[in-house]
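In: here's my sequence, what's the structure:
(one chain, ligands or ions: 1)
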Amino acid sequence: MSLVVHEGRAALVAATADRLVALLAELVEARGRATVALTGGSVGIELLAALVDCEVDWSRVHVTWSDERFVAADSPDRNARQAREALLDRVPIPAGNVHELPAAGSASLDEAAAAATAMLAELGTVDLTLLGMGPDAHVASLFPGLPGVAQPGTGVIAVRDSPKPPPERLSFTVGAIGASDRVWLVVAGADKAEAVALARSGASPDAAPAAAAHGRVETLWLLDDEAAALLEQDGR
Ligand SMILES: O=C(O)[C@H](O)[C@@H](O)[C@H](O)[C@H](O)COP(=O)(O)O
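Out: Numbers count the residues shown, from 1 in each chain. Purely as a prediction, here's the structure:
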C-alpha cells in the first residue's frame, strides 16, 4: 500500500493527472486499450477537468464509474453528467467507450444494479479504479455501518439510505474494487485527515470502508498534506 503526499490540493490534482496520463499511455501501448472506473466527488471531478488538454488517445480509453447516484440521467447530481461536463464532452472519446451505470427512470434500483453488474462483467478487467474518500472513510458508495461493505461478489450493488444525499445509489462491491488491477484513492483536505489515519491503521472495513479498498497489483493513496496531517511520518 503506497502513499504519495503533495503540498496542497492543486498540486495533488495536477500530479495525479500527470500520473494518470502516463498510465493510460503505458496501458494503450502494451494492450491497445485502457479501462478506468471513475469516481464522483469534488476531487475526482477536478482530476477529470485537469485531463482536458492532456495528450491521451481517447479512442483507446474506456470509462465506467465505481459508483453512481441513482437519479435521473440529466440530474446535476449524477456522477456521469458531472464527468461529461468536466471532461468527456470536451475530448474525442467515442460514445461507445463510455459505460455509464443506469440512471433512475426506466428500471428499479435492484434492476439497475443487476444491469450494471452484467455491464461490468462484459467490460472485463478494470485497469484502474479511482476512488475519493468521504470524511466518514466511505469509498464509492460503501458507507460505514451499512450492509453494502459486507456484500459479496464482484458486481454492482444497490445502496439505500446513503447518509450522503442522494440516498439511493449504485456501487462497486469491495470485491469489484479488488478485482481492479490498480486502486488509487485521491483525497484532499483537513476534514479527511482522521479518516485517512483510521483507514491506514488497519481499521475494520465496517468502520472504515476505505481500509478494504485494494487493487490486485497496486493500491496507491494520493493525498494532499492536509489529508495526510495525522499520519505518522514513518507511515507515509
Ligand atoms: O458519490 C459520491 O459522493 C462519491 O463517489 C464519493 O465517494 C466521493 O468520492 C467522496 O465523498 C469524496 O468526495 P470529495 O472529493 O468531494 O471530498
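
In: and stretch 181-198, how far out from the chain middle?
Out: With Cα atoms, centre = their mean, to the nearest Å as the basis, stretch 181-198 stands 12 Å off its chain's centre.

In: quick one: buried residues of it?
Out: 182-189, 192-198 (16 or more other Cβ atoms under 10 Å). Backbone N, C-alpha and C define where each C-beta goes, glycine included.

In: how far does it stretch from start to finish?
Out: Across stretch 181-198, the terminal residues are separated by 24 Å (Cα to Cα, to the nearest Å).

In: my read: Leu47 touches Ala15, true?
Out: No: look at Leu47 against Ala15 with Cβ atoms under 8 Å: they stay out of range, at 10.2 Å.

In: before we move on, back to that, tell me which two of the buried residues of stretch 181-198 sit farthest apart.
Out: Greatest spacing in the buried residues of stretch 181-198, by Cβ to Cβ: Arg182 and Glu194 (25.6 Å).

In: follow-up on the earlier one: out of the buried residues of stretch 181-198, name the ones that lie in helices.
Out: Secondary structure assignment by DSSP state H places 193-198 of the buried residues of stretch 181-198 in helices.

In: if I look at Asp55, how far off is Leu131?
Out: In this structure residue 55 is Glu, not Asp. Relative to Leu131, Glu55 is positioned 25 Å away (criterion: Cβ to Cβ, to the nearest Å).

In: actually Asn79, not the one I typed
Out: 12 Å.

In: between those two, what contacts are shared?
Out: Thr39 (Cβ atoms under 8 Å, 6 or more residues apart in numbering).

In: what are the phi and psi values for Val61?
Out: phi -110, psi 130 (degrees, to the nearest 10).

In: could you list the low-pLDDT ranges of this protein?
Out: Flagging of the chain using pLDDT under 70 yields the residue ranges 233-236.

In: same thing but at 90, please
Out: When residues are selected by pLDDT under 90, those of the chain lie in 1, 106, 202, 232-236.
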